[in-house]
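1. curious how this folds, go ahead:
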Amino acid sequence: MEVKYIVVIPPFSDESNYIKRYIKRNNDNNFIKNIENNWMNWLKDIVFYSSVNRTIIILPKDSCLQSYIEGYKNT
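-> All right, here's what the predicted structure looks like:
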């Protein structure tokens with residue numbers, strides 16, 4: 001049985017916005033450095049090497065999953 005799933009990722013260009021959010025949320029510095037060091041590679045891996053049974057949604061610039069879902073509900 002093949003399970004289909006949806007993956008939602010931030011835009012590749014939004015790294016600095018997400019880093020600012022993590023800092024504002026007082027995330028651990030090691031976590032933040034890990035994101036900074038791996039951002040592009042992780043997103044590329046998700047897009048190019050994930051299962052064929054998935055749909056990928058790339059969020060609009062300067063948004064987050066919560067705002068995307070709220071906007072989707074209102075359509």
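
2. give me the low-pLDDT residue ranges for this protein?
-> The model of the chain has pLDDT under 70 over residues 1, 72, 74-75.

3. switch to 80 and redo it
-> Low-confidence regions of the chain, defined by pLDDT under 80, span residues 1-2, 50-52, 68, 70-75.

4. residue ranges of the helices in it, please?
-> Ranges of helices in the chain, per DSSP state H, are 15-24, 29-49, 65-73.

5. closest one to Ile56 among those helices?
-> When these are compared by CB to CB, helix 29-49 sits nearest Ile56, at 6.0 Å. (C-beta placed from N, C-alpha, C; glycine too.)

6. what's in contact with that closest one?
-> Val7, Ile9, Pro10, Phe12, Glu15, Tyr18, Ile19, Tyr22, Ile23, Ile56 (CB atoms under 8 Å, 6 or more residues apart in numbering).

7. restricting to C-alpha, output that helix in CSV.
-> Extracted C-alpha coordinates of helix 29-49, given in CSV (Å, rounded to 0.1, in the frame of the first residue of the first chain):
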residue,chain,number,x,y,z
ASN,A,29,21.9,28.4,19.7
ASN,A,30,23.0,25.0,18.5
PHE,A,31,19.6,24.4,16.9
ILE,A,32,19.9,27.8,15.2
LYS,A,33,23.4,27.1,13.9
ASN,A,34,22.2,23.7,12.6
ILE,A,35,19.5,25.4,10.7
GLU,A,36,21.8,28.0,9.3
ASN,A,37,24.4,25.3,8.2
ASN,A,38,21.9,23.0,6.6
TRP,A,39,18.9,25.1,5.4
MET,A,40,19.5,24.8,1.7
ASN,A,41,20.6,21.1,1.7
TRP,A,42,17.5,20.0,3.8
LEU,A,43,15.1,21.8,1.5
LYS,A,44,16.8,20.5,-1.6
ASP,A,45,16.6,16.9,-0.2
ILE,A,46,13.0,17.3,0.6
VAL,A,47,12.2,18.5,-2.9
PHE,A,48,14.4,16.3,-5.0
TYR,A,49,14.8,13.1,-3.0
